[in-house]
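Enquirer: Kindly generate the corresponding structure for this input.
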Amino acid sequence: DCLAHRVAKNDGALPQYFVENSHPAIIDRPTWNRVQEELARRTGKRKVKEIGTTTEQGKYSGKYALTELLVCGECGKPYRRVTWSRNGQKKSVWRCISRLDYGKKYCKNSPSLEENVLHTAILGAVANLAQENTAALDILKQHIGIELAVVDQCQCQNPDTVNFKTYRKSYKHKKTIFNDPSEYAVFENTHEAIIDRDTFDRVQQLRAAGKRRHDKSGRLCLFSGITYCADCGSRMYFSSGASMKPENDHFVCSGFRTKKRSCDSSHYIRRVVLESLILEQIQRVTAFAAEHEREFAEMLRQNSEVKSRKELADGKRRLMQAERRIAELDNIVKRLYEDNISGKLTDERFMKLSRDYEKEQQDLAVQAEALSKQISEQEQQTLDLERFLRQVRKYTQVKELTPTLLHELVERIEVHAPDRSLGRREQKIDVLFDFVGLVDTLELPESNEVLAE
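Expert: Okay, here's the model as predicted:
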């Protein structure tokens, strides 16, 4: 009504028009039709329990996997999950609703089914169907993939139990606060793992590196999140664009671009160049490891021992300097206190100097604690050659880079600044492999040569 400004539903008083496919759909039509059927089913749902309900409208509940799927074969009523408690022990069973409400008046022979027995029987039937029907197997794999994708980063994927993830300030406050991961109580190997620990740890590293996002060009790079500047340690930004040719996609140092860190060079390197260098290095290492596994393992072990000894000696030297300085500061504060008592130093001057020395001492104490922890970890750390060789054996002939290959072999890529001192542009790339670190400095011989020495 244009005068009263009221909108009324057109029940046929005026012509109606139905236009199909007039705009792009958000979901496909079969899914939309199934959703409408489910909405209609829930709207028209009536109660199944007749005793103890106040309304005729039923309640939809998908709390359990078998809800509304089990039906009594004698009376046709649905089954409901109940919990039996006997002698302090609880057991979940499924029983006919008519049997629960009226006893044996209408349903005399419906059995009570234990939940674990039901689950075992249903899983066995699904497994038999998947073996006989390839279409059912494909649907099962699809649903398993969806469920695994939904699983978030949680400690339940590995065999550890983690407590004290959250806390509350008081019983009066209902807000839950998350604890720092360092305050977690972790009990290792308390249950069977869904995935092995190596895979779980590697996935957490990749998740911490950040999500690879599509830019306007729609192109993604394999090295996003694992490529770093060798000078300042910042991540390398992947630069691409719709107007940029794929061969011009490149990486630049984020510290240099954002000016958040002091880096004198952008460390510019094109993606295609980086891909060729990484592929060449992986082919070189995997081919040599496949042909000369014993010599390769020995070279890595020697290199790791030299590097570990150097890092350990450097850490102990820095720890000794910090501890010596902490002892010196204690003596200095004592002398300042004596000078203040004797009147040689004013109270204001004493307070200022004592605050500065105490702050320095606190910083040194934190540094000493971190160095002590680092030294203990280095002393216990061993080179896990077998785990690396186990990964290398799967890739004896590498022809192209794939995300799976890269994530299983490479942990980090460091890009150095270009060198133009010889009149041409040269740039060094360090590839740090999983479990063994840097392999490039070993100067591996060609894989077709036999080690005579």
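
Enquirer: all strands for the stretch 1-150 of the chain, in order.
Expert: 79-86, 89-96, 113-114 (DSSP state E, counting those that start in this stretch).

Enquirer: who wins for proximity to Leu312 among these?
Expert: strand 89-96 (54.8 Å; CB to CB). In this view, the C-beta of every residue, glycine as well, is placed from N, C-alpha and C.

Enquirer: Enumerate the positions of the closest one that are buried.
Expert: Val93, Trp94, Arg95, Cys96 (16 or more other CB atoms under 10 Å).

Enquirer: The first one and Gly76: what is the separation?
Expert: Computed as CB to CB, to the nearest Å, the Val93 to Gly76 distance reads 20 Å.

Enquirer: again, but for the second one
Expert: Plainly put, Trp94 is 15 Å away from Gly76 if you go by CB to CB.

Enquirer: residues near Ser170, how many?
Expert: 7 (other CB atoms under 10 Å).

Enquirer: Any idea how far apart the tips of stretch 395-410 sit?
Expert: One end of stretch 395-410 to the other measures 13 Å (CA to CA, to the nearest Å).

Enquirer: a helix runs through Val366, doesn't it?
Expert: Yes: counting by DSSP: H, G, I helix; E, B strand; the rest coil, Val366 falls inside a helix.

Enquirer: Check this protein for its longest helix and report it.
Expert: Longest helix of the chain, by residue count under DSSP state H: helix 293-342.

Enquirer: Give me the distance between that one and the centre of its chain.
Expert: Relative to its chain's centre, helix 293-342 lies at 34 Å (CA atoms, centre = their mean, to the nearest Å).

Enquirer: Against which helices or strands is that helix packed?
Expert: Here helix 293-342 touches helix 347-380, helix 385-392, going by 3 or more CB pairs under 8 Å, 6 or more residues apart in numbering; DSSP states H and E.

Enquirer: The first one vs helix 293-342, what angle?
Expert: Counting by axes from the mean of the first three to the mean of the last three CA atoms, to 10 degrees, helix 347-380 points 160 degrees away from the direction of helix 293-342.

Enquirer: what do you get for the last one?
Expert: When the same axes, to 10 degrees is applied, the directions of helix 385-392 and helix 293-342 differ by 130 degrees.

Enquirer: what element comes up after helix 385-392 heading to the C-terminus?
Expert: Using DSSP states H and E, the helix or strand that follows helix 385-392 in sequence is helix 403-409.

Enquirer: Name the strands paired with the helix or strand that comes right after that following helix and say parallel or antiparallel.
Expert: Later in the chain than helix 403-409, the nearest helix or strand by DSSP H and E is strand 410-415. Partner strands and pairing direction for strand 410-415 (DSSP bridges) are strand 227-229 (parallel), strand 429-433 (antiparallel).

Enquirer: what's in contact with the first one?
Expert: Just to be clear, that refers to strand 227-229. 234-236, 238, 251, 253-256, 263, 267, 274, 412-415 (CB atoms under 8 Å, 6 or more residues apart in numbering).

Enquirer: Buried only: go through the residues you listed for me.
Expert: Buried, going by 16+ other CB under 10 Å: 234-236, 238, 251, 253-256, 263, 267, 274, 412-415, out of the contacts of strand 227-229.

Enquirer: Among the residues you listed, which lie within strands?
Expert: Applying DSSP state E to the buried ones among the contacts of strand 227-229, the entries found in strands are Met236, Phe238, Phe251, Cys253, Arg412, Ile413, Glu414, Val415.

Enquirer: Format those residues as TSV; extra columns: distance to Val186.
Expert: Listed next are these as TSV, based on distance: CB to CB, whole Å:
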residue	distance to Val186
Met236	33
Phe238	35
Phe251	37
Cys253	36
Arg412	25
Ile413	31
Glu414	31
Val415	35
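
Enquirer: Between these, which sits nearest Ala230?
Expert: Distances from Ala230 to these, taken as CB to CB, are shortest for Glu414 (4.0 Å).

Enquirer: what about Ile282, which helix or strand?
Expert: Secondary structure from DSSP H and E places Ile282 in helix 271-291.

Enquirer: Relative to the whole chain's centre, how far out is that helix?
Expert: When distances are taken as CA atoms, centre = their mean, helix 271-291 is centred 27 Å away from the chain's centroid.

Enquirer: Please name every helix or strand in contact with that helix.
Expert: Against helix 271-291 (3+ CB pairs under 8 Å, 6+ apart) you get strand 250-253, helix 385-392, helix 403-409, strand 410-415, strand 429-433.

Enquirer: which two in the buried residues of strand 89-96 are spaced the farthest apart?
Expert: Largest separation among these by CB to CB: Val93 and Cys96, giving 11.1 Å.

Enquirer: show me where the stretch 101-250 of the chain has helices.
Expert: With DSSP state H, counting those that start in this stretch applied, the stretch 101-250 of the chain shows helices at 115-132, 134-150, 197-208, listed in chain order.

Enquirer: who wins for proximity to Lys165 among those?
Expert: Closest approach to Lys165 among these is made by helix 197-208 (15.3 Å; CB to CB).

Enquirer: Direction-wise, compare the closest one with strand 410-415 and give the angle.
Expert: Using the same axes, to 10 degrees: helix 197-208 against strand 410-415 is 40 degrees.

Enquirer: ok, and for helix 197-208, which residues are buried?
Expert: In helix 197-208, counting by 16+ other CB under 10 Å, buried: Asp198, Phe200.

Enquirer: what's the distance between that helix and the middle of its chain?
Expert: For helix 197-208, the distance to the chain centre is 6 Å (CA atoms, centre = their mean).

Enquirer: What is that helix packed up against?
Expert: If you count contacts as 3+ CB pairs under 8 Å, 6+ apart, helix 197-208 packs onto helix 403-409.
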